[in-house]
Structures are given as structure tokens and as C-alpha cells.
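Trainee: next come a sequence and a model predicted from it.
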Amino acid sequence: MRLATWNVNSLKIRLPHLLEWLAADPIDVVCLQETKLVDERFPREALAQAGYAAAFSGQPTYNGVAILTRVASVGEPADVLVGNPRLADEQRRLISATVAGIRVVCAYFPNGQSLDSEKYPYKLGWLDALIDWLGPQIAAGQPLALAGDYNIAPEARDVRNPAQWEGQVLCSPPERERFAKLLALGMVDTFRLFDQPEKTFTWWDYRQMAFRRNDGLRIDHVLVSRNLQPRVSACTVAKALRAREQPSDHAPVVVEIGPA
DNA sequence: ATGGCCCGTAGAACGGGA
């Protein structure tokens, strides 16, 4: 099966892109972030007509996450859980479901804004709570995929202009240490399992023609538990969606996972 | 030149994104 993560930056605006993409390329599991829709306005019907079931958790204006499953191939999301039981958080940033025996965690990590913002310690605390919550699940041998907009570029090679970003939010040592901690729980960055084109990124600023200049960062990731690693056969960035008219500023990351 | 763009909520600008 194939699993994707995509920060859509408003599902209302991006729904036509999503439907056209899935019609041409029927991904089995799609994790969405920044849907920016309250649950009453989630386009459940349009997605159902496209063959997808959905688990979602939204709020007005900000955040919002969803897991879509292609019913014909993987059925419906099971054991849906909203949020992190270890963190009281009003922001809708996490939704989990079991699909085809894999615990799929769809995550919209906080941005942090800047190192001197009160949003930065919120981000670090959110990351610590995520690590605390996922650690026991992975230790117990649960096959798990953590897919989402991490808002962290793990290494200098994940940034087009490392000097410009070094030490800034998305690249600061405390954020990168926490990314490393997630790996240390027993997960692997699927993107780095394979040879990749030089300077592959997943986010490009809307300004300054950043996409045309490939001035981007790799901040969207799919980490999987080590027991899934032998089944992962590909990880690619669907850059074409960023090149469309009225795009999201993120491109999807797509991972292929073989049968157990 | 430390801003440029896009989105939601507005029903004009502004906060937020990264």
C-alpha cells in the first residue's frame, strides 16, 4: 500500500487538487494537515464519492488534521484517537487510526514562530509529550507510521540555504534533538532509506518565487517503526502538486509499504 | 531593503504560517 502526508493549507481551497490527485494516483492512506475546517464542514461526501473514508479533527481557522483511507484497498480507519492523551492541547494537531495493521499517526507539529516567541516552548513541550506518548507504543512492537508536517528540517542538507536558517526555528538544535529522539525510539526516516535527488524539499515559501528557485526545506516526513522498515520500498516527494496553479506551499511525501 | 505571498476571518486589515 501507499501512504502519503500532505499539508494542504486549507482543505476547502485544495479539495479540487486533492480529488484530482487521488483520481490519477489512488493513494491508499492520506494524512492531511492544516485542513482549517470545523468538522461540520469537512467534505466527507466528496471524499466518499471518490472512494475514501475519513477520520478528522478540525477547528476554526487554524490547524486541523485528517486521515483518509481508500475503502476498496484498506477499508476504514479503525480505533480513531484524537490528540495525545499525555497532553492537554486545544489545538487540533494529532489524529491516529489503525489501517491495515499499522498504527497511523497524522501530526501537524507546531511551527514555533521564532525562538523568542511563547510558541517556541509550546513546540518543544508538544514534542516532548509526543515522544513520551509514542515511546511505549513502539517499544511494545506496534507497527507505526508517524506522518506529517514536522516543522523541523532534521539536517543542514534538508535546507537549501543552511546558513540562512541555522539556529532559526525549524532548524534549531533543541528541535533537531527532539527529531533525533523520535528516531531513537526505534523509528527510521523513510526518505533517507533511498537514494534521493539532490536538494529535495517538501516546503517552499509562497514569496520570492521560492519554488522556482527551489529555495525550500524538507520539513514533512514519514517515520516508521523499525519493524516496518523491511517492507518500505520507496519514499518520494510529489513535487508536481506544488507546481500547480494555486498550490499548497507544501508538497506531499509518498511512501510505499509492502504486505506483511 | 529583514519584505515580498497565501489563507481565514473578516467585510478592512491582521494574525499566522515557515
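Mentor: Thanks, I have the structure now. Numbering: from 1, shown residues only, chains lettered A, B, ... in the order given.
Trainee: and the pLDDT at the residue of chain A found nearest DNA strand B?
Mentor: Closest contact between chain A and DNA strand B, by CB to the nearest atom of the strand, is at A:Ser10 (3.1 Å). Yep, even glycine has a C-beta here, placed from its N, CA and C like the rest. Reading off the confidence values, A:Ser10 has pLDDT 97.
Trainee: that one: what's it in contact with?
Mentor: A:Ser10 makes contacts with A:34-37, as judged by CB atoms under 8 Å, 6 or more residues apart in numbering.
Trainee: looking at the residues you listed, which is nearest A:Ala240?
Mentor: A:Glu34 (19.7 Å; CB to CB).
Trainee: and DNA strand B, which of the contacts of A:Ser10 contact it?
Mentor: A:34, A:36 (CB under 7 Å from any atom of the strand).
Trainee: who wins for most neighbours among the contacts of A:Ser10?
Mentor: Ranked by neighbour count (other CB atoms under 10 Å), the contacts of A:Ser10 have A:Thr35 at the top, with 28 neighbours.
Trainee: chain neighbours aside, what residue packs nearest to that residue?
Mentor: Nearest non-adjacent residue to A:Thr35, counting by CB to CB, 6 or more residues apart in numbering: A:Gly64, 3.5 Å away.
Trainee: tell me how far the one you found lies from A:Gly148.
Mentor: 12 Å (CB to CB, to the nearest Å).
Trainee: which neighbours do these two share?
Mentor: A:33, A:108.
Trainee: hang on, the earlier thing: how many other residues sit next to the residue nearest to A:Thr35?
Mentor: If we define neighbours as other CB under 10 Å, then A:Gly64 has 27 of them.
Trainee: name the residues of stretch A:45-64 that are buried.
Mentor: Within stretch A:45-64, the residues that qualify as buried are A:47, A:50, A:52-59, A:63-64, counting by 16 or more other CB atoms under 10 Å.
Trainee: return the subset of those residues lying in strands.
Mentor: A:52-57 (DSSP state E).
Trainee: biggest separation within these, which pair?
Mentor: A:Tyr52 and A:Ser57 (16.4 Å).
Trainee: can you give me the helices for the stretch 101-250 of chain A?
Mentor: A:119-139, A:162-165, A:173-184 (DSSP state H, counting those that start in this stretch).
Trainee: out of those, which is closest to A:Pro247?
Mentor: Nearest of the helices of the stretch 101-250 of chain A (CB to CB): helix A:162-165, 21.8 Å.
Trainee: just checking, what packs against the helix or strand bottoming out on mean pLDDT in chain A?
Mentor: Within chain A, no helix or strand scores below helix A:162-165, which has a mean of 94 by mean pLDDT, DSSP states H and E. Helix A:162-165 is packed against no helix or strand, with contacts defined by 3 or more CB pairs under 8 Å, 6 or more residues apart in numbering; DSSP states H and E.
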